[in-house]
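Predicted model and sequence follow; I will ask about them next.
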Amino acid sequence: MEKICVAVRVRPPVSQDVSNGGTFWKVDDNRISLHKPHGTPISGVSYAFDHVFDEGCTNSRVYELLTKDIINAAVEGFNGTAFAYGQTSSGKTFTMNGSEKDPGIIHRAVRDVFDRIQMISHREFLIRVSYMEIYNEEINDLFAVENQKLQIHESLERGIFVAGLREEIVSNAEQVLKLIESGEVNRHFGETNMNARSSRSHTIFRMVIESNAKDSSSSIDAIRVSVLNLVDLAGSERIAKTGAGGVRLKEGKYINKSLMILGNVINKLSDGAKNRGHIPYRDSKLTRILQPALGGNAKTSIICTIAPEEVHIEETKGTLQFASRAKRITNCAQVNEILTDAALLKRQKQEIEELRKKLQGSHAGVLEQEVLKLRNDLLQYELEREKLEMELEEQRKSHKQREQCIRDQQIQIDNLGSLSTTSDLDRSSSQAQDSGRQSLKEDGDGSYMPGFSPLPDSFSNVVDEDTWFKMNKGFIADLDSLQMTPSRTVQSFPPSDETAGSKENYKQEVQNLKRQLELATEERDDLMGCATGGENACWKEKLSNELITIKERYHGLEEELDSNNQLLEKSKQRYDALEAEFQLLREERDSLHKMISESSQTLALATDQKENVLKDLNNEVLRRKDLEEKIKQFSVAFGCRKTSLMSFHSEFKSKIESLRAKNPASMPKSVGC
């Protein structure tokens, strides 16, 4: 993408006292601005362009800075266009055609094209030129006066072209310049109040440059075809200033209309792709022909000419605004190539070989290794993810167990706290003994106290759990609240159906339980002794120490739970990161599979194209053989006809000679010549 190159040229003033007593235009580097008589710039009337040429600039400098690069690019295969825009009598025709002392852009471009061709030795060139004018919205051929009112057509091969336009094949610059001189004679000019020889039509000089490599066997090359348009536009004009009437008025209307449409096209193109909308190329034959040069496939330069006089300030502002909008247009120029059958076949063969190398060569091995590596990484990540999931599940289970343990410890702490509050220091030893005895007695209505459970009479005759619940009338003992065994838990008794099978084991367990009961009784007696002896401080100290130990353990469990929670959070973050990386690897794997499938499709398509080209080539060979056979037959027939004609001519000549010999006076002399 590149922007159109836009330049402004100020023609010399008609009179020397232009700036006396009025405003004037001032050129400063690449900026032109309007100033007051005392040199003060007028706000808002200042423009900057790629180049701004003052009155003393020559056509040679304009061509070097503005057009030469486009000419060189046209020889290399790029489309190019250069045209002059401005009001009547502002110097457009002088810029494009010039004079004998200072030739214009067209003459310099023609010579430069052939000089450039002479420097390129590895390519062959064919140059075709045409010259047309657009007069009253009708296209006329300036090389052939009889070709008038030509029509514009468009095709995929040639693009936009004028049907019936005469093209001359040229070999040197002098031949082209003579053709241009002959075409200028047929161009429409007219006299107005603004200009003694005013252009009344738009002219387009076109050069079609074709080239191909001389040694086509060494490399694959196509035919490059570029189109160079050099345009001299007619000037916009005001009827009041030109004083036009009749034919001149009609010509001015058509000129202004086409230039207005050109301005509309420039406005649309300068808005940008998003706000562009419909571009009215077809509203004018000028914009239709120049469509590739305006926002299309061409390198374009515009030279806007202005008049410095104060009376032309409004027209000059319009020209500068047109140039400012044109400066925002971007073209996308590229080399134009036409592939012949041989070049197309060679290029397709080369592309097929490159695809095969990519699929079978080292690049394919690298891709396979990458795919294998990605698969291995994918499997490894899946294993790690499963491992992490198992670890997370175990951590959840351990977390639940810790929470359950913490709840149990909290229950124990609450029970110990209730015990410490119920043990009054002023309680007497008799009351403590009575409370211990009453815990084993049955209540008056047959129920037991809620703090204790009755012991069985015989350990060998223990009932099952349902019977136990019936005996206790649904009461479930809180074993942790027993005073006799505050730090022990009562073990469950084995069911009665197992006692018959293993009495020896049960006897051992009974003995163990008896020992535990004796130890609990001794511990209870110690506690009761402490209470009766007035040593409540000892009992209270033991309870407080145990409470402190349980609290410390509780805090330790809380800290361990916090650390486990942090570890769980880190594990979750790592799991999320691995999941994201796994997703990226999966997308990359899918893209690789897609690229491989596209390459396979491209290879299959190229193979099909190759087969079609080979079929077409075989058909062309057969056709060529048929044509050669027909040519041979025609040659034989032509030789026979020639022989018969020669024999007829000799017979006719002999008869003439015999008649002349018989009657020489009556036969004219010219008959025998």
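On my side now, so go ahead.

pLDDT below threshold where in the stretch 201-350 of the chain?
215-221, 237, 239-245, 272-275, 339-349 (pLDDT under 70).

hmm, try it at 50
218 (pLDDT under 50).

Let me see the ranges of the strands in it.
Here the stretch 201-350 of the chain has its strands, by DSSP state E, counting those that start in this stretch, at 202-213, 223-232, 299-306, 330-331, 337-338.

partners of the fourth one, with directions?
Strand partners for strand 330-331, identified by DSSP bridges, are recorded as strand 2-3 (antiparallel).

Can you name the element that comes right after the partner strand?
Next helix or strand after strand 2-3 toward the C-terminus (DSSP states H and E): strand 5-10.

Now do that following strand against strand 299-306, angle only.
Relative orientation of strand 5-10 versus strand 299-306 (axes from the mean of the first three to the mean of the last three Cα atoms, to 10 degrees): 20 degrees.

Please enumerate residues in contact with the helix or strand just after strand 5-10?
For strand 5-10, the succeeding helix or strand toward the C-terminus, using DSSP H and E, is strand 24-28. In this structure, residues lying in contact with strand 24-28 by Cβ atoms under 8 Å, 6 or more residues apart in numbering are 10, 18, 32-35, 37, 41, 52-54, 306, 308, 310, 316. Bear in mind the C-beta positions are built from the backbone N, C-alpha and C, glycine included.

Mind doing that once more with 10 Å?
8-10, 13, 18-19, 32-37, 39, 41, 45-46, 48, 52-57, 306-310, 312-313, 316, 320 (Cβ atoms under 10 Å, 6 or more residues apart in numbering).

Adjacent strands (with direction) for it?
In the sheet, strand 24-28 lines up with strand 31-35 (antiparallel) (DSSP bridges).

Could you check the strand it pairs with and say which residues are buried?
Of all the residues in strand 31-35, those buried under the rule 16 or more other Cβ atoms under 10 Å are Ile32, Ser33, Leu34, His35.

C-terminal to it, what's the next element?
Following strand 31-35 in sequence, per DSSP H and E, is strand 41-48.

Identify the bridge partners of Glu337.
Arg224.

which ones are touching the nearest residue to Val62 once chain neighbours are set aside?
Nearest residue to Val62, sequence neighbours excluded (Cβ to Cβ, 6 or more residues apart in numbering): Phe53, at 5.9 Å. Applying Cβ under 10 Å, 6+ apart to Phe53 gives the contacts 7-11, 27, 30, 32, 59, 61-62, 65-66, 95, 303, 305.

Give the ranges of residues in this structure that sit below the confidence cut-off.
Across the chain (using pLDDT under 50), the flagged ranges come out as 17, 19, 218, 421, 423-426, 428-463, 479, 481-502, 530-535, 670-673.

For the longest helix anywhere in it, enumerate the helices and strands it packs against.
What stands out as the longest helix in the chain, according to DSSP state H, is helix 536-662. Counting contacts by 3 or more Cβ pairs under 10 Å, 6 or more residues apart in numbering; DSSP states H and E, helix 536-662 packs against helix 341-360, helix 362-422, helix 503-532.

Just to be sure, Ser73 is in a strand?
Actually, residue 73 is Ala. It isn't Ser. No. Ala73 sits outside any strand when classified using DSSP: H, G, I helix; E, B strand; the rest coil, being helix.

ok, it to Ala163 distance?
27 Å (Cβ to Cβ, to the nearest Å).

More neighbours: which of those two?
Here Ala73 and Ala163 are set side by side on neighbour count (other Cβ atoms under 10 Å), and the busier one is Ala73, at 18 against 11.

ok, how many other residues are close to the residue lying closest to that one once chain neighbours are set aside?
Distance criterion Cβ to Cβ, 6+ apart; nearest residue to Ala73, sequence neighbours excluded, is Lys299 at 5.3 Å. Lys299: 23 surrounding residues under other Cβ under 10 Å.

Looks like Lys299 contacts Ala74 (just checking).
Yes. Using Cβ atoms under 10 Å, Lys299 is in contact with Ala74, at 7.9 Å.

Report the contact partners of Trp211.
Quick fix: residue 211 reads Ser, not Trp. 75-77, 117, 120, 122-127, 221, 223-226.

could you flag which of the residues you listed are buried?
Val75, Gly77, Ile117, Arg123, Phe125, Ile127, Asp221, Ile223, Arg224, Val225, Ser226.

still on that earlier bit, can you say which of the contacts of strand 24-28 are buried?
8-10, 18-19, 32-35, 45, 52-54, 57, 306-310, 312-313, 316, 320.

Skip the chain neighbours and tell me the closest residue to Leu374.
Counting by Cβ to Cβ, 6+ apart, the nearest residue to Leu374 once its immediate chain neighbours are dropped is Arg589, at 5.4 Å.

do you know how far the one you found is from Tyr575?
Applying Cβ to Cβ to Arg589 and Tyr575 gives a distance of 21 Å.

just to revisit the earlier point, so what sits opposite the residue nearest to Val62 in the bridge?
Arg9.

Quickly note the distance from it to Glu64.
From Phe53 to Glu64 the distance is 11 Å (Cβ to Cβ).

Ok, Gly98 next?
Counting by Cβ to Cβ - Gly98 and Glu64 are separated by 14 Å.

quick one, which of the two is more surrounded?
Shown here are Gly98 and Glu64; by other Cβ under 10 Å, Gly98 has more neighbours (20 against 12).

Contacts only, for the closest residue to the more buried one other than its chain neighbours.
Spatial nearest neighbour of Gly98, chain neighbours left out: Gly104 (2.9 Å); criterion: Cβ to Cβ, 6+ apart. When contacts are counted by Cβ under 10 Å, 6+ apart, Gly104 touches 59-60, 62-63, 84, 92-98, 230, 232.

make it 6 Å
By Cβ atoms under 6 Å, 6 or more residues apart in numbering, the contact list for Gly104 reads Asn59, Thr95, Met96, Asn97, Gly98.

what sits against Arg123?
So Arg123 contacts Ser211, Ala213 (Cβ under 6 Å, 6+ apart).

List phi and psi for it.
phi -130, psi 150 (degrees, to the nearest 10).

what's the distance between it and Asn212?
Taking Cβ to Cβ, one finds Arg123 at 7 Å from Asn212.

just Ser591 next, same as before
Distance from Ser591 to Asn212, by Cβ to Cβ: 40 Å.
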